Each structure stands twice: as C-alpha cells, then as structure tokens.
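S.K.: Have a look at this prediction, sequence included:
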Amino acid sequence: MISMMSLPINRILLTVCLIGALAAIAGAQQTGTACEPYGSVTIKGDPADDNMTVVAYVGEVELARTLTTGGQYSLYIEADNVDTPQRDGYRVGDIIIIRVNGELANPAFEAFTGLQRRDIEVITLDIHFESWGRIKALFR
C-alpha cells in the first residue's frame, strides 16, 4: 500500500491545482448569464447629464433601468426565467431597445451574454411648428 508520504510533492500539488481549476470552471459556467451593456450616453452629440434614466426594453417590456453618471451607463439584464409565465428577462435573439429619459437611443442591439461596451446616442429633432395662421398667410 502506498502512503500519502511516499507520493512526490509535485504530484500532490498538481492534483490540488487540477481540482481547483475544475471547480473554477464549473462555477464560471453557472454564473455570467446576464446581459450587461455599458458605455457612453450622448444626447445631440454631448455627454448625457447625470441622473438621466436609462431603461432597457424588449418590445414594451421593461427589463432593467439605471441612471447616468458622468455621461456613462451600465445595465444588468437577467436572463428570462422560462419557468414563470411573465417575461422577466432577455432571451437569446431578443433585440434590446434603450430609452434615455423616454427618448429612443440608438443603436438597438441583439441580447448577448456577459459584459460588452455599447455606446448609445439620443438624436432628437427640434421641430417648431408655426401656428396655422402664419402658414395660412403664406398662401394668400
């Protein structure tokens, strides 16, 4: 019978390292399922003010929200729990739409797993409509 003391120390260390590596791999497979977009937020070319509301949607379903800080945002969107009837997260292939203070931000993007930089921009059009009287006066 071989005792523990007779095994070379290198073999013991290698075994311990392999067990640790396998445990780390198993733990990594169980975590990291969230979609975590982050990046800059610009509005009409300027960095967003602090405390602007950033909301992620799939269709009309709100999935996550946060506030801007220093012209940046970071969202944490859980994967959908398929065991519940309500929609509470993203699914593979979903298109994530972002709104900043209610305004549509571009670009929308396909849901992904993990942390990825997605800079977004809000482009609003400032259109001032003339009163009907002024427009009518043009055609006299």
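M.R.: Ah, there it is.

S.K.: Give me the contact list for the helix or strand hosting L115.
M.R.: Secondary structure from DSSP states H and E places L115 in strand 114-117. With contact meaning C-beta atoms under 8 Å, 6 or more residues apart in numbering, strand 114-117 is reached by G32, A34, C35, E36, P37, Y38, G39. Every C-beta, even on glycine, is put in place using the N, C-alpha and C of the backbone.

S.K.: Just name the closest of those residues to N81, please.
M.R.: A34 (12.4 Å; C-beta to C-beta).

S.K.: Can you pull the domain assignment for this structure?
M.R.: Following automatic domain parsing, one finds the domains of the chain at 1-31, 34-122.

S.K.: ranking these by burial, who's on top?
M.R.: Among the domains of the chain, domain 34-122 has the highest mean neighbour count (mean count of other C-beta atoms under 10 Å), at a mean of 15.

S.K.: measure that one end to end?
M.R.: End-to-end distance of domain 34-122 (C-alpha to C-alpha, to the nearest Å): 25 Å.

S.K.: pLDDT (mean, whole number) over that domain?
M.R.: Averaged over domain 34-122, pLDDT sits at 96.

S.K.: and A48, what is it in contact with?
M.R.: For A48, the contacting residues are V41, T42, T68, G71, Y73, V100, V122, by C-beta under 8 Å, 6+ apart.

S.K.: and with 10 Å instead?
M.R.: 40-42, 54, 67-73, 100-101, 105, 120-122 (C-beta atoms under 10 Å, 6 or more residues apart in numbering).

S.K.: Sounds good, over and out.
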